[in-house]
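J.: Please find the sequence and the predicted model below.
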Amino acid sequence: MAALASLHHVPAPAKLNLFLHITGRRDDGYHLLQSVFMLIDWWDVLHFERRTDGKLLRRDLTAALPPDDLCLRAARLLQQTSGISDGVDISIEKRIPAQAGMGGGSSDAATTLLALNRLWGLNWPLSRLLPLGLALGADVPFFLRGRNAWVQGIGEQLQPVELPRARFAVLKPEQGLDTGLIFKDAALTRDTSAVTMADFAARPFVFGRNDLQAVARRLCPQVDQSLEWLTEQGWQPRMTGSGSAVFAPISTDTVLSDPPAGWQLQLCSNLEIHPLAGWVSCDV
C-alpha cells in the first residue's frame with residue numbers, strides 16, 4: 001500500500017478491567033497480575049496529515065495534553081525505527097478522561113502506530129509493531145492486538161477471550177489517581193491466589209475484584225463516593241485499572257440520575273473487536 005495524504009476520524013477506544021488481581025511481585029519491582037481487559041465504545045478520535053519535512057506535530061482539539069504525550073512518542077519511535085523521512089500532523093479529540101484507569105493514553109499510542117503504519121505506507125505486520133508498543137507502555141500491545149484479552153504477567157501476556165455483549169455505566173469523578181501511589185502503598189494486596197479462565201467464564205461481569213480498590217478509596221475520596229453513587233443506583237460497581245473511574249454492568253433499559261457536577265457518566269457497550277483490527281496483518 002502506498003503512503004496516504006491523510007487519515008481522519010480514527011478511533012482509539014478505552015478499556016475496562018473486569019477484575020484485577022495482584023498475584024505477586026518480581027525482584028525488579030514490577031507487579032504480577034491477572035485481569036481481563038475489555039474494549040468499550042468510549043473513544044478518543046485522532047486525525048493524521050502526512051508531512052514531507054519529517055516534523056512530528058500535535059494539535060489538541062479538546063483537552064490539553066502533555067507536550068510530549070504517548071502519541072508523539074509513538075510517532076517518533078516508529079519514524080526512528082523505520083528510518084522513514086515523512087512526518088505527521090496529529091490532531092486529537094480527547095474524550096477518554098485522564099488518570100481514569102481506562103487506558104486512554106495507551107490506546108492513543110496504539111492508534112497512532114496503526115495509523116502511521118498505513119499513512120506512511122510501511123505496511124508492517126503486527127509482529128513488528130508489538131515491540132514498539134511494549135516499549136511505550138504495558139497496555140499498548142493490548143490495543144494493537146485489538147481483542148478482549150485474558151491478561152497475565154506484568155500485563156504483557158495476552159490471550160483472546162470471548163465475552164457476551166453487555167452494557168455498562170462508567171463514572172469518572174473529577175479527581176484523578178496516580179498509578180504509582182497505589183502500587184507503592186504498603187497496604188496493597190500482593191498475594192491473591194491465581195485463578196483460571198474457567199473460573200472467570202462462569203460469571204464474567206461479577207467475577208473477582210480489583211485489588212487496587214481498597215487503597216484507591218483511601219487515597220482518593222472521590223473513588224469511594226463514586227462507588228457509593230453507583231451502589232445507590234442499584235448496581236454493583238468496582239474500580240477499573242489503577243485510575244479513579246468506576247463501572248457497573250447495567251440492564252439495557254437503565255435510566256441513571258445525573259452524577260455530581262463535574263463528573264463524567266457514560267453508558268457504554270463492550271466491543272467484540274477493535275475498530276482498526278483490519279489495519280494490520282496479524283502474523284502472531
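T.: Noted; the coordinates are in hand. Residues are numbered from 1 along each chain as shown.

J.: So which residues of this structure form strands?
T.: According to DSSP state E, the chain carries its strands in the segments 6-25, 31-51, 56-60, 87-93, 149-152, 157-160, 167-172, 238-239, 246-250, 264-269.

J.: Please name the nearest non-neighbouring residue to V10.
T.: Nearest residue to V10, sequence neighbours excluded (CB to CB, 6 or more residues apart in numbering): L46, at 4.7 Å. Every residue, glycine included, has its C-beta placed from N, CA and C.

J.: What is the burial count for the one you found?
T.: Neighbours of L46 under the rule other CB atoms under 10 Å: 24.

J.: Could I get the pLDDT score of it?
T.: At L46, the model reports a pLDDT of 98.

J.: Who are the contact partners of it?
T.: V10, P11, A12, C71, I90, S91, I92, E93, D108, T111, T112, A115 (CB atoms under 8 Å, 6 or more residues apart in numbering).

J.: Give the burial count for the fourth one, as a bare number.
T.: Using other CB under 10 Å, C71 is surrounded by 28 other residues.

J.: Does it touch A109 like I think?
T.: Yes. C71 lies in contact with A109 (CB atoms under 8 Å); the separation is 6.2 Å.

J.: count of neighbours near P131?
T.: 12.

J.: Adding distance to G24, write the contacts of L46 out as JSON lines.
T.: JSON lines is the format used below for the contacts of L46 (distance: CB to CB, whole Å):
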{"residue": "V10", "distance to G24": "38"}
{"residue": "P11", "distance to G24": "35"}
{"residue": "A12", "distance to G24": "31"}
{"residue": "C71", "distance to G24": "33"}
{"residue": "I90", "distance to G24": "38"}
{"residue": "S91", "distance to G24": "42"}
{"residue": "I92", "distance to G24": "36"}
{"residue": "E93", "distance to G24": "39"}
{"residue": "D108", "distance to G24": "30"}
{"residue": "T111", "distance to G24": "32"}
{"residue": "T112", "distance to G24": "33"}
{"residue": "A115", "distance to G24": "37"}
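
J.: Surely S127 is in contact with R145?
T.: No. Applying CB under 8 Å as the test, S127 and R145 come out as separate, 11.0 Å apart.

J.: which residues touch stretch 268-282?
T.: Under CB under 8 Å, 6+ apart, the answer for stretch 268-282 is 10-11, 13, 16, 38-42, 111, 114-115, 117-118, 123-126, 129, 143-148, 163, 165-170.
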